[in-house]
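# Just a sequence and a predicted model for now, questions to come.
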Amino acid sequence: MTDAPLLVERADTGVTTLTFHRPESLNSLSVALKEAFRDALAELAADPACRAIVLAGAGRGFCVGQDLREHVETLTSGGEAMRTVHEHYTPIATLLGAMPKPVVAAVRGPAAGAGAAIAFLSDFRIGGPGTSFSMSFADVGLAGDTGVSWTLPRLVGLAKATELTLLGDKVTAAEAYRLGLLTELRDTDDDVLPAATALATRLAAGPTIAYAQLKRELATGAGGTLADALAVEADAQAICGATGDHLEATEAFVAKRRPDFHGR
């Protein structure tokens with residue numbers, strides 16, 4: 001349905017594209033969109049046919065975070081507005097952070113608040129000249145959510161993360177690329193989604209079980225001890241070593257041909 005808040009497109013390459021579809025509000029996160037996104041991530045995490053994910057926004061923005069009009073209505077009506085953190089933002093961050101397949105964010109236009117945090121939880125972020133990031137939480141008297149206190153210091157360091165979150169200044173595309181908030185900066189905004197899709201297609205054709213275990217290793221290694229990292233590495237190698245992809249790759253190497261990975 002074209003009026004759905006989230007569009008789900010599955011390609012025969014194994015790439016699933018999730019598009020935030022509220023262009024009239026720069027894809028702000030309504031309850032309907034948050035629930036659709038959360039549920040889609042849970043479904044894709046368990047779907048072996050999905051081997052890579054692209055996140056995109058309809059229109060001229062990626063996602064500017066919480067729908068403040070809806071939020072104000074909840075606040076003024078006496079509703080529990082902050083329940084959304086537990087019901088939506090925390091599950092979304094948990095699912096993205098543990099997603100056992102590559103995630104590529106096509107960040108065309110602005111990404112703010114939780115929208116920026118969603119991009120930061122992706123494995124790769126592709127942007128264009130119109131891309132920008134802003135940590136707009138403090139602007140509305142709130143702290144961060146959607147994992148931004150975990151991702152941002154890892155991407156730019158604690159000092160820069162403090163500056164970006166407390167001051168909330170907009171980060172332009174060029175500065176975002178310099179800081180490492182963008183993996184790739186394209187020459188035009190129209191190139192962003194095709195480049196993200198091409199990268200996701202490349203990843204979907206690869207050893208996706210190995211990718212999942214590499215992501216698990218890096219998450220452990222970034223915050224754990226050497227002993228923690230070594231334990232996860234040993235377990236991850238045991239998992240990967242038992243896959244058909246590992247056997248195929250070693251046989252292909254010996255035969256001097258390209259391996260044909262199937263994600264199993």
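Sure, I can see it.
# Distance of D260 relative to A242?
For D260, the distance to A242 equals 18 Å [Cβ to Cβ, to the nearest Å]. Where you see a C-beta, it was placed from the backbone N, CA and C, and this is true even at glycine.
# Tell me who's in contact with the nearest residue to T197 once chain neighbours are set aside.
Distances taken as Cβ to Cβ, 6 or more residues apart in numbering put V54 closest to T197, at 5.7 Å, once the chain neighbours are dropped. Residues in contact with V54 (Cβ atoms under 8 Å, 6 or more residues apart in numbering) are 15-18, 103-106, 193, 196-197, 200.
# buried subset of the residues you listed?
Among those, the ones that count as buried by 16 or more other Cβ atoms under 10 Å are 15-18, 103-106, 193, 196-197, 200.
# Quick one: the residues you listed as TSV, columns for distance to L155 too.
Formatted as TSV, those follow (distance: Cβ to Cβ, whole Å):
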residue	distance to L155
V15	24
T16	25
T17	24
L18	22
V103	15
V104	16
A105	13
A106	18
L193	22
A196	18
T197	23
A200	20
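# from those, which is closest to G113?
Closest to G113 out of the buried ones among the contacts of V54 is A105 (14.7 Å), distances taken as Cβ to Cβ.
# Quick check: beta-bridge partners of the closest one?
For A105, the beta-bridge partners are L55, R125 (DSSP bridges).
# Run a quick check on it versus F62, I expect a contact.
Yes: A105 is within contact range of F62, at 7.3 Å (criterion: Cβ atoms under 8 Å).
# residue boundaries of the helices in the stretch 151-264 of the chain?
In the stretch 151-264 of the chain, the helices defined using DSSP state H, counting those that start in this stretch lie at 158-167, 173-179, 192-204, 208-223, 226-241, 244-255.
# Summarise which helices and strands the third one is packed against.
Think helix 192-204. When contacts are defined as 3 or more Cβ pairs under 8 Å, 6 or more residues apart in numbering; DSSP states H and E, helix 192-204 packs onto strand 15-20, strand 52-57, strand 103-107, strand 124-127.
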